[in-house]
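In: Everything below, folded, please.
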Amino acid sequence: VDQNGTASHESIQNASPTPAWELRPIPVNPWDVALCVAGTLVSCENAVVIALIVYTPTLRAPVFALIGSLALADLLAGLGLILNFVVTYLINAGFVTLLSAGLLITAFSASVLSVLAITVDRYLSLYNALTYHTERTVTFTYVTLVLMWLISATLGSLPVLGWNCLGDEATCSVCRPVNKNNAAALAVSFLLIFALILQLYLQICKIAFRHAQQIAVQHQFMATSHASSTTKGVSTLSAILGTFALCWVPFAMYSLVADTHYPAVYTYATALPAICNSIINPIIYAFRNPDIQRSLRVACCGCMPHSFTLRPRTPSDV
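Out: The predicted model follows:
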């Protein structure tokens, strides 16, 4: 203040508040950046799958509805990871954090249940080959989808309904704001679903080998070709099951035994492979399918080949 009682320019400038982001810059965790980048890749990849299924009239069989459900779940998971990054570094509001956690739980639950539904569909297509392409199968598929998404949405709503640790940080699991009990229940549920998927794939292998033996007895000249097809199918099943186990089982087991006292790097190291499963799913279940491959070529080239028709699936397609 000068002699006339007027505040000087320098004193006003020094008294002006400094923006909050200059006072307390939030360091960006490289792991969070990796999860956000993975979420962006997951979203883009699965958006392509959904667009192909929606805009291709020939892709209306039950199996494509299940593949579309898996792609939608993984798309939501990718968007949830992006939202989680925004919440962590930009919004930081409790209710929005719960919504982000609920979206991720819903998406990943629907993704795992969609894999189970696809496995059941493949089992039924072999076990009930004569009645698989009926209206009953279509109805069963869509009822399954509705129930599956209702279950996933219910699980995702638990953090918002009070199953969270915002009121007591000591009860937090490795995935804040999910509490320990909720995380343990989700981990056990996943392990049970994985055991069911494993059992179904073992049954699929048995049916495929039994079909190969029957054809070998009735048509000796076709035995070599069908045996090769069956071996290819079993190898594909092993790759699918092995990939699913390597991506999800470590995170499920870690969520079951760990708590907030464990280093955060362990959570990131086990969660990232589980997220990568949503990147691998379109490759395994969508882009390997010949009909979706043709749809992708049509979308890229802008032309419709004369041979663009659905072909019946064989055990080697599983």
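
In: ranges for the strands of this protein?
Out: Using DSSP state E, the chain contains no strands.

In: By mean pLDDT, point me to the weakest helix or strand of it.
Out: Lowest on mean pLDDT, DSSP states H and E among the helices and strands of the chain sits helix 20-23, with a mean of 40.

In: so what's the backbone phi/psi at Cys175?
Out: phi -110, psi 80 (degrees, to the nearest 10).

In: what's the burial count for it?
Out: For Cys175, the neighbour count with other CB atoms under 10 Å is 21. The C-beta positions use only the backbone N, C-alpha and C, and glycine is treated the same way.

In: And the pLDDT for it?
Out: For Cys175, the pLDDT comes out at 84.

In: got it, and Ser157?
Out: pLDDT recorded at Ser157 is 91.

In: Contact partners for it?
Out: Going by CB atoms under 8 Å, 6 or more residues apart in numbering, Ser157 touches 102, 106.

In: before we move on, what about Thr106?
Out: Neighbouring residues of Thr106 by CB under 8 Å, 6+ apart: 76, 152-153, 155-157.

In: for Thr56, same thing?
Out: Contacts of Thr56 by CB under 8 Å, 6+ apart are 295, 298.

In: how about the helices in the stretch 101-250 of the chain?
Out: Secondary structure of the stretch 101-250 of the chain by DSSP state H, counting those that start in this stretch: the helices cover 135-161, 180-218, 220-257.

In: now the ones you listed in CSV, with distance to Val63?
Out: Output for those, formatted as CSV (distance: least, CB to CB, whole Å):
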stretch, distance to Val63
helix 135-161, 8
helix 180-218, 14
helix 220-257, 14
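
In: Of the ones you listed, which is nearest Arg288?
Out: Comparison of these against Arg288 by CB to CB identifies helix 220-257 as nearest, at 8.3 Å.

In: Give me the spatial nearest neighbour of Leu126, chain neighbours excluded.
Out: Nearest residue to Leu126, sequence neighbours excluded (CB to CB, 6 or more residues apart in numbering): Ile207, at 4.7 Å.

In: pretty sure that neighbour is touching Tyr127, no?
Out: Yes. Between Ile207 and Tyr127 there is a contact under CB atoms under 8 Å: 6.2 Å.

In: And those two? Which one has more around it.
Out: Just comparing Ile207 and Tyr127: by other CB under 10 Å the higher neighbour count belongs to Ile207, 17 against 12.

In: returning to that earlier point: nearest to Val96 among the helices of the stretch 101-250 of the chain would be which one?
Out: helix 135-161 (10.7 Å).

In: What angle do helix 180-218 and the closest one make with each other?
Out: Calculated by axes from the mean of the first three to the mean of the last three CA atoms, to 10 degrees, helix 135-161 forms an angle of 160 degrees with helix 180-218.
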